[in-house]
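Trainee: Below are the sequence and a predicted model; questions follow.
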Amino acid sequence: MSRQVKQLYEFGPFCLDPAEHTLSRDGRPIPLRPKVFDLLLVLVENRGHLVDKEKLMSSVWTEQFVEEGNINKNISMLRQALGESDRGHKFIETVPKRGYRFVADVREVNDNREAELLTQAAGRRANQPPRETQESSPFSPPTQARVKRFNKHWVAFVVVPVLLLAAIVYLVLMRQRGRAATPAVRSIVVLPFQNLSGDASQDYLVDGVTDALIGDLAQIGALRVISRTSAMHYKGSNKSLPEIAKELNVDGVVEGTVQRSGERVHVRAQLIYAASDSHLWAADYDRDSRDILDLQSEVARAIASEVRIKITPAEQRLLVPKRTVARAAIDNYLQGRYFWNRRTEEDMRKAIGYFEAAISADANYAQAYAGLADSYNQLGTVMIGVMPPSEARRTGETAARKGLEIDNELAEAHAALAYENFFNWNWASAEEEFKRSIQLNPNYASAHSHYALYLVAQGRNDEAVAETNRAQELDPLSLSISASRGFLLLNARRYEEAIEQQRRVIAIDPNHYQAHWFLALTYLANGQINHAIATAEKAVAISNRAPAALGVLGMAYGAGGHKREANQIASELLQLHQKRYVSPMAFVYVYTGLGNNDQAFAWLEKACQERSNGIAFSKVSPTEDSLRSDPRFADLLKRIGLAGA
């Protein structure tokens, strides 16, 4: 009795099964939309020949009218599934203004080939008598005939089923072997998702999807996840995935697309093993836009399952969607994070506006409160310095505590509260909050970076260096974290390493204000006065004469014996002080360089009263070494809780 043979198409590592409507790569299924699959089947069946757009439309969309753009979008999704870019044509060639051609070699094969070969072999053996019977036999001809009939029946009813069973076992073992051979993925980067909406105003949503997925994956302790800042460096990059993975030292790469249509959002995500540029997993999701953040938790769980990462019960709980959030709140929150990541005064104020709008839309949206806390904390730093830090942190603390009241397992809110406690000299509470944030999100680079600064401020240098190294490992392309690492090395008195760290940042961004500012301080501590003056002058020019930069320049002038120039800087700062907020630490720098300790202590006291960021490093900062022998300095350390630390 003949059997119907199922036709399969193989090309490269792919296998296309028209009957089952499936596409697989190296035995692993690749999810495709029905129309995308139909499109691929038409191209494969007409391989080597041009298939014009009219034929594609009539073959795939038989019962509806579609525009040409619909074909282009489906071709784009198909190319992504096959692992090629729109500009490449490893499988699909674009013939401009006409159509497409499938150019890869295609093999037509039958399924269950191993089992059929074994069956055929068994059949051949069944038709051949044993060699001993052919050579000599003690039986009479009638007996031999009965033995032959018995052997044929024995083969038919015993040997063939056994061989078929062996074939099935073989196929199962091969499948299991394929699964066992899945490459180990212990580190990962989520590249910026692509916006397929055709609307640049939706970039914030697409970036928000990327951020949310990074955030969810980062909560899995057994997986090292590259932070957003480093991932975003590859937005629009033409580098290959293996190149990116090598630069970031990761095993796996997640990439995807987002397409918004009204209130619906379509997300496609795929996981690629970077070393071989091979697909491990892919999936499509259609959701209401209100569910977009929760969707990322689902994607994170799927990826963790695919790479066989163990998720603890606590991590499982964090990856379970907690509540539905108002659509307007999510939109405003994502806009807020978009501007917050740009880290300028103007963008920070925009971020605050969006976070406040998110809270207005949904008063129980914890992430929005954490974003608001982060923004106010930045406004109060010496670097941005647009409002007194005590005032900024008070507002930030209120927001952080409200976020934790809503969701006590929100790592960002714990980190924000730790930051506020740190610079308010609540040392024990700060460390507790830093550790809690890192426990909830082991891959949160900012929490590691700020905790490292906390540790160095207390003189715990070995622990501090370990934490700052971890932060840089998680976010290797973040210039802010790199510059912060250099500042930590300065306070750990490892001057040559600190100088080299800041030089690396400046080599990447010659106008990086923070790096120049820190580098000038490091040159001063290392006795390289001329280098300090030149670097501080550059920081002043880059920052448009920011008070903090002027303060360091005045200190360098004073240390170099240029008293007149240093006093001119002091006068300029006093004039600015009449018009706007100026951090007292800027005056401390200048008067320390001039050797005017009384004025330095007067402004140091003002900085202490408003709890300036710089005061927290007084125990270890080389900048204040010339003041340490004064009894007033010992009193200062006692008041901030670092006298015996």
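Mentor: Received the coordinates, thanks. Computed from a prediction, not measured in an experiment: that's the story for all the values here.

Trainee: Mind jotting down where the strands sit in the stretch 151-300 of the chain?
Mentor: Taking DSSP state E, counting those that start in this stretch as the criterion, the stretch 151-300 of the chain carries its strands at 187-190, 194-195, 224-225, 252-261, 264-273, 278-288.

Trainee: can I get those in JSON lines with distance to residue 56?
Mentor: C-betas here are computed from N, CA, C, even on glycine. As requested, those are arranged in JSON lines below (distance: least, C-beta to C-beta, whole Å):
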{"stretch": "strand 187-190", "distance to residue 56": "33"}
{"stretch": "strand 194-195", "distance to residue 56": "23"}
{"stretch": "strand 224-225", "distance to residue 56": "40"}
{"stretch": "strand 252-261", "distance to residue 56": "20"}
{"stretch": "strand 264-273", "distance to residue 56": "21"}
{"stretch": "strand 278-288", "distance to residue 56": "20"}
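
Trainee: Looking at those strands, which is nearest to residue 34?
Mentor: Checking these against residue 34 by C-beta to C-beta gives strand 278-288 as the closest, at 10.8 Å.

Trainee: List the contacts of that closest one.
Mentor: Outside strand 278-288, the residues within contact range by C-beta atoms under 8 Å, 6 or more residues apart in numbering are 13, 25-26, 28, 30-33, 81, 83, 182-183, 185, 252, 263-273, 295, 298-299, 302-303, 306-307.

Trainee: Just the buried ones among the residues you listed, please.
Mentor: When burial is judged by neighbour count using 16 or more other C-beta atoms under 10 Å, the buried members of the contacts of strand 278-288 are 25, 28, 30-33, 81, 83, 182, 185, 252, 265-273, 295, 298-299, 303, 306-307.

Trainee: Now do whichever helix or strand residue 368 is part of, average pLDDT.
Mentor: Residue 368 is located in helix 366-379, with elements delineated by DSSP states H and E. Model confidence over helix 366-379, given as mean pLDDT, is 93.

Trainee: Which one of the strands of the stretch 151-300 of the chain lies nearest to residue 217?
Mentor: Residue 217 lies closest, by C-beta to C-beta, to one member of the strands of the stretch 151-300 of the chain: strand 224-225, at 4.8 Å.

Trainee: Identify all contacting residues around the closest one.
Mentor: Counting by C-beta under 8 Å, 6+ apart, strand 224-225 makes contact with 186-190, 214, 217-218, 250, 443, 473-474, all of which sit outside it.

Trainee: ok, now with 6 Å
Mentor: 187-188, 217-218, 443 (C-beta atoms under 6 Å, 6 or more residues apart in numbering).

Trainee: neighbouring strands for it, and are they parallel or not?
Mentor: strand 187-190 (parallel) (DSSP bridges).

Trainee: Just the CA trace of the strand it pairs with, in PDB.
Mentor: Listed next in PDB are the C-alpha coordinates belonging to strand 187-190 (Å, rounded to 0.1, in the frame of the first residue of the first chain):
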ATOM      1  CA  SER A 187      24.900  37.500  29.200                       C
ATOM      2  CA  ILE A 188      22.700  39.500  26.900                       C
ATOM      3  CA  VAL A 189      22.100  42.900  25.300                       C
ATOM      4  CA  VAL A 190      18.700  44.200  24.100                       C
END
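
Trainee: which residues sit against that strand?
Mentor: Residues outside strand 187-190 that contact it (C-beta under 6 Å, 6+ apart): 210, 213-214, 224-226, 231, 248, 250-254.

Trainee: Any idea how far it is from the middle of the chain?
Mentor: Relative to its parent chain, strand 187-190 has a centroid offset of 6 Å by C-alpha atoms, centre = their mean, to the nearest Å.

Trainee: Ok, stretch 248-268 next?
Mentor: Taking C-alpha atoms, centre = their mean, the mean C-alpha location of stretch 248-268 is offset from the chain mean by 12 Å.

Trainee: avg pLDDT for that stretch?
Mentor: Model confidence over stretch 248-268, given as mean pLDDT, is 87.

Trainee: first to last residue in it, what's the distance?
Mentor: Its start and end residues considered, stretch 248-268 measures 23 Å (C-alpha to C-alpha, to the nearest Å).

Trainee: In this protein, where is pLDDT below threshold?
Mentor: When residues are selected by pLDDT under 70, those of the chain lie in 1-6, 62-69, 85-89, 110-183, 290-294, 296, 308-310, 317-324, 341-344, 644-645.

Trainee: Break it down into its domains, please.
Mentor: Domain segmentation of the chain under automatic domain parsing yields 7-109, 112-180, 187-321.

Trainee: Do a quick rundown of the helices in the stretch 351-500 of the chain.
Mentor: Listed from the start of the chain, the stretch 351-500 of the chain has helices (DSSP state H, counting those that start in this stretch) covering 366-379, 389-406, 411-423, 427-440, 445-457, 461-474, 479-491, 495-508.

Trainee: would a markdown table of the ones you listed with mean neighbour count and distance to residue 604 be doable?
Mentor: Putting the helices of the stretch 351-500 of the chain into a markdown table (neighbours: other C-beta atoms under 10 Å; distance: least, C-beta to C-beta, whole Å) gives the following:
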| stretch | mean neighbour count | distance to residue 604 |
| --- | --- | --- |
| helix 366-379 | 27 | 22 |
| helix 389-406 | 21 | 15 |
| helix 411-423 | 27 | 15 |
| helix 427-440 | 19 | 20 |
| helix 445-457 | 26 | 16 |
| helix 461-474 | 20 | 24 |
| helix 479-491 | 24 | 17 |
| helix 495-508 | 18 | 23 |
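
Trainee: In a markdown table, list the ones you listed along with distance to residue 556.
Mentor: Rendered in a markdown table, the data for those read as follows (distance: least, C-beta to C-beta, whole Å):
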| stretch | distance to residue 556 |
| --- | --- |
| helix 366-379 | 26 |
| helix 389-406 | 24 |
| helix 411-423 | 26 |
| helix 427-440 | 32 |
| helix 445-457 | 23 |
| helix 461-474 | 26 |
| helix 479-491 | 15 |
| helix 495-508 | 15 |
